[in-house]
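*Asks:* Predicted structure and sequence below. I'll ask about it afterward.
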Amino acid sequence: MNIYIDEAGQSARLDSGTVSYVLEVVDGKYLVHRYFGPSLRRWHGCGTPVYYKRAYSTAHDCSVPNVSFDDFPFEYPARGRGDFRIPSLQVQRQDGISVVEPLFKSWRVLEGKPGIPGLPSVFQGDTDAATLEVICEDKQAGLRVYMYYSVFEGMNMVARHQCFENTGTQTLVLENVQSASLELPARSYEFLSLYGTHAKEANRSRFALHSGIQKIESVRGSSSPQHQPFFALLSPGTTETSGEVYAMHLVYSGNFLAQAEVDSFGNVRAQIGIHPEGFAWRLEPGGHFATPEAILNYGGSGLNSMSHGFHRLYREHLMPRHFAETMRPVLLNSWESMYYDVSMDKIETQAALAARAGMELFVLDDGWFRADNSSSSSMGDWQCNLEKLPGGIRRAAGIVHGKGLKFGLWFEPEAVCKNSLLYRKHPEWVLHIPGYEPVEGRHEYLLDLGRQEVQDYLVGVLDSYLGSGDVDYIKWDMNRPLTDVCSLALGPEQKGETAHRYILGLYEVLHRVTSAYPGVLIEGCSSGGARFDPGMLYYVAQNWASDNTDAFDRTVIQDGFSLLYPPVAIGAHVSITPNHQTGRYTPLDTRYQIARLFNLGYELDLTKCSEEELEMIAGQIAEHKGERAWMQGGIFSRQEAPNRNYMVWSVMGPDRSQCQVMVFQKFYDPLCCHGRFRIQYLDPDTSYLETGSGQIYGGDELMQIGFTVPLVKEDFHAFTFHFRRLDTEKMPPVNSNQFRSGILKRGLNPPPDCVIF
Ligand code: DGJ
């Protein structure tokens, strides 16, 4: 891994050993993009465009023959000087002019990976990293741009962000400051993104990229379930295991814009950053502004190669370090069993049954502070309702701790109800437009988190619960979009900063709380997965993926999030049937198998479970505890299924000695083909024992031929297979009947003459 600047100082190549990124300076002033893709040994100028004369196009003062700025590969394009495609930079100057042209000034290599003050970003961790700093400047406008590119040894990603400095004497207003702009070779691509809504998060959208601008965005104040702040451009026909993937993911929790433009000549430009709509940041002389970080990911062998990179980066270089390597507790969440109607008796009963089943954490969800059993009251005061819970949170925590479980508590710190004491005392603390009644969302207003006093209040509230040691875990919820985006604390000229300041304030509160209580595990939540983004993952080690707990729907939701996030970060709970959201019945084993490869929890009324079901749950938890040490740190892949009736996931242990495979059969189909399930990422040169059946297979067989699953006349059925790698080749003849029946008899011990490692 290294960063090379050529002797003449005209080009720079970042090389992680897996990917390279090349920049060049043309005419000593224009910074252009040359390459992002598989690692190069050197760059000799290969791929430098030959320009065709573009009639009626513009270029000024450039020695490159026939160049037109209409299709010049600017690394960080600004509007107004001949490039009419999507700009990454727009600045309003005090003199009324809205054109800036930062030109190349210098570059240097920095050791390691710098952080971004006030914003979450990937950190160096235990991997070698290096950073290229490029400075561009528009002296006349008084604008200096510092561009940062970091690479990590052996990783297929580049982390980018920009800092702006006002070096002049006039105020500048930053109106559009994208985190990354990327010029891609003029080829055919497909545009992949994740879309959704409440209870239907992270669905894949995929279509052929075509002429013009294709974009996804959030203008809801948070990253939103409508679109994940991510998209990828794929070579046509890309599968999970083949094809090229160029992806961008934004480490930010607020409004974003992600777009790709195919210009009239077929050139492709991709960008991601804060949404310019509703954003205007005033940069006074001497002032600085930093953009959020964008992660650029190149996967050369299908979507899994992209995911493997993101998973590793986020686990090792983004999540709170304390939790990245620790096993996550199996929890029981009270929401679907109690909703708002919480009581000490219920807590005690559920905690006792949870302890009996082997669970480790009881989370008291919403309702504990509400004056009634609805969402309309008391949000913001964070005083326990002692009529519902005599003795308060301390007593509830004591009861739960007394059963040998940790105690978790739900908060929605950013929201406030109109009838709260807090709102009556500080109406000016909520986002609102003077003269307008603020828009309610779920009976809530939002606090103006950009205000220091609001941040102090929230830190104080959380401190009052965490400081006592009663609370071991927090579920941090947020249940409405930002409206009335206006802060009374900001003057008219700064109102355009409100939405971004809200996110900066949120990060500041999270920073203060997590620094003071690094051992407290926080689960992020936003009506399910409405603010599940890398920015939050920097502070909270796991995120509730969806309020939809139906196992069938969860296969889509978790599969979608697994494109980006390691499964340990994705909360997945076993709930009751009929499912509360869909009314669907799925087998208890299936509900467990779907959740188990992710961050397993339970969210159901245990008193409604039969003795047999309670025993099953206890068995599931015992099995999970025996496996989670390697499964939670393992390599998750989506495997190709023989047809759309199946979904196949696998987790390979970090030492590659074992692999868990889950095959989900959506519907029993008596007329289906006899599909074979091929499992990639095994070692073709060794053999594996399937521990359920005692059957041995070559890695090459599993990868090339694939196994079959038995006939099970059940919709929503999950098959699981556990493969252990063998160090000696002892292959008895394969008997397919033996294989099939063996799978049904799960839990067989490996033959005694097999050495497992
Ligand atoms: C929305 C969350 O997604 C749910 O899990 C639950 O915590 C409710 N809020 C509580 O109000």
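*Replies:* Right, received. Where do you want to start?
*Asks:* Run through the residues of this structure sitting next to the ligand.
*Replies:* Within the chain, the positions adjacent to the ligand are 335, 365-366, 410, 477, 479, 525, 527-528, 544, 547 by CB under 6 Å from any ligand atom. C-beta here means a position set from N, CA and C on the backbone, and glycine is covered the same way.
*Asks:* Ranking by neighbours, what's the top pick from the residues you listed?
*Replies:* Comparing the residues of the chain next to the ligand by number of neighbours (other CB atoms under 10 Å), Cys525 comes first, having 30 neighbours.
*Asks:* Spatially nearest residue to that residue, not counting backbone neighbours?
*Replies:* Take Cys525 and drop its neighbours on the chain: the residue closest to it by CB to CB, 6 or more residues apart in numbering is Trp544, 4.0 Å away.
*Asks:* dump the residue contacts of that neighbour.
*Replies:* For Trp544, the contact set (CB atoms under 8 Å, 6 or more residues apart in numbering) comprises 475, 523-525, 528-529, 571.
*Asks:* Tell me which residues touch Pro413, please.
*Replies:* By CB under 8 Å, 6+ apart, the neighbours of Pro413 are 447, 458, 461-462, 476, 509.
*Asks:* Okay, and Gly37 sits in which element?
*Replies:* strand 30-38 (DSSP states H and E).
*Asks:* so what does that strand touch, helix or strand wise?
*Replies:* Contact here means 3 or more CB pairs under 8 Å, 6 or more residues apart in numbering; DSSP states H and E; on that basis strand 30-38 packs against strand 19-26, strand 103-111, strand 172-184, strand 293-299.
*Asks:* Pick the most deeply packed of these.
*Replies:* strand 293-299 (a mean of 25; mean count of other CB atoms under 10 Å).
*Asks:* tell me the mean pLDDT for that strand?
*Replies:* Strand 293-299 shows a mean pLDDT of 99.
*Asks:* With stretch 462-473 instead?
*Replies:* The average pLDDT for stretch 462-473 rounds to 98.
*Asks:* got the contact list for that stretch?
*Replies:* By CB under 8 Å, 6+ apart, the list of residues contacting stretch 462-473 from outside reads 329, 331, 361, 363, 382, 393-394, 397-398, 406-409, 411, 413, 474, 509, 513, 516-517, 520-523.
*Asks:* Just give the number of residues close to Asp15.
*Replies:* So Asp15, with other CB under 10 Å, has 20 neighbours.
*Asks:* er, Glu348 actually
*Replies:* Neighbour count for Glu348, taken as other CB under 10 Å: 15.
*Asks:* can you tell me how far it sits from Ile399?
*Replies:* 5 Å (CB to CB, to the nearest Å).
*Asks:* Name the residue of the protein that lies nearest to the ligand.
*Replies:* Closest to the ligand within the chain is Asp366: 3.4 Å, counting by CB to the nearest ligand atom.
*Asks:* Return the residues in contact with that residue.
*Replies:* 335, 339-340, 375, 410, 412, 477.
*Asks:* longest helix anywhere in this protein?
*Replies:* helix 611-631 (DSSP state H).
*Asks:* who touches the helix or strand following that one?
*Replies:* For helix 611-631, the following helix or strand on the C-terminal side (DSSP H and E) is strand 635-639. In this structure, residues lying in contact with strand 635-639 by CB under 8 Å, 6+ apart are 240, 303-304, 307-308, 311, 559, 562, 566-567, 597, 647-652, 654, 661, 677-681.
*Asks:* Next: stretch 340-348.
*Replies:* Contact with stretch 340-348 is made by 334, 337-338, 362, 364, 366-368, 370, 372-375, 388-391, 395-396, 399-400, as judged by CB under 8 Å, 6+ apart.
*Asks:* show me where pLDDT drops low in the protein?
*Replies:* Residues of the chain that meet the criterion pLDDT under 70 lie in 728-757.
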